[in-house]
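**Q** next input, structure requested:
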Amino acid sequence: MKRILIGLAVPLAVVAAACGGSSSDTTIPAVLPPIADASGLGPTVDNPYFPFAVGARWVYEGTDQDETERIAVEVLAETRDVNGFTAVVVRDVAEVNGELAEDTFDWYLQDAAGNVWYVGEATEELENGKVVSTAGSWEWGVDGASPGIMMYADPAARLNQAYYQEFYEGEAEDKAQVVRTGQTVTVAGGTFEDVIVIREWNPLDPGVVEEKSLAPGVGVILEVVVEGGTGRIELISFTTAP
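**A** Okay, here's the model as predicted:
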């Protein structure tokens, strides 16, 4: 289950501003990328479109009629061993109407070429302060789970090529493709240029398609549901690493 950096923490059902683009064929076959050269995998994630420097923080907001969702994302100083590799840890906390709704720790590696790999997550969904589900949690190397590409070193070169962002059969099977590049996008947190747009879908949730806009030096700035519903969540603030 991908989060704002990788998906909406809690599905929204708001009237969204369309992000443009043609209808997505969610049956496009996506193949798992080859496992990166193990010698190059490490916790330093500095891909321009997916930068995770320790201490960096993002805040996103969206609304759903009488509900307001706020998501805070922070790169932690701690690391995690995933399948023998040291991964960076990113915490993603979602609140709905001021109450904690989801708390997730995501793990990433970057290879020597600059590709960012998503290698697992531990997620908790909460109601009234109590954990009610951990569905969607997975880890590379556990129960057949495989890592996926979260961001290619050169996403423009992968235009319209479908790929897996994660793969744990029956739990985490998100797919994506880069659909636009060179965009200018304005959100509450500012106006950004040279933005790329990635379309995402999941066969476990058929018919729903989202688009994420990512800006160089920042990462995700906007997410919009474009098929199978409505929803919008956008960057409010971004604090660089100290």
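**Q** how close does residue 234 sit to residue 189?
**A** According to C-beta to C-beta, to the nearest Å, residue 234 stands 7 Å off from residue 189. The way it works is simple: take the backbone N, C-alpha and C, and place the C-beta from them, glycine included.
**Q** what sits in contact with each of the two?
**A** Common contacts of residue 234 and residue 189 (C-beta atoms under 8 Å, 6 or more residues apart in numbering): residue 221.
**Q** which secondary structure element of the protein has the lowest mean pLDDT?
**A** strand 57-64 (a mean of 90; mean pLDDT, DSSP states H and E).
**Q** and that strand, what's buried?
**A** Neighbour-count burial for strand 57-64 flags 58, 59, 60, 61, 62, 64 (criterion: 16 or more other C-beta atoms under 10 Å).
**Q** then it to CSV, C-alphas only?
**A** The C-alpha coordinates for strand 57-64 follow below in CSV (Å, rounded to 0.1, in the frame of the first residue of the first chain):
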residue,chain,number,x,y,z
ARG,A,57,10.0,17.0,5.8
TRP,A,58,6.9,17.4,3.6
VAL,A,59,3.4,18.3,4.7
TYR,A,60,0.3,17.6,2.4
GLU,A,61,-3.3,18.4,2.8
GLY,A,62,-6.6,17.3,1.1
THR,A,63,-10.3,17.5,1.9
ASP,A,64,-13.2,15.2,1.5
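**Q** what comes up buried for the following helix or strand past it?
**A** Per DSSP states H and E, the first helix or strand lying C-terminal to strand 57-64 is strand 67-82. For strand 67-82, a neighbour-count test (16+ other C-beta under 10 Å) marks 69, 70, 71, 72, 73, 74, 75, 80, 82 as buried.
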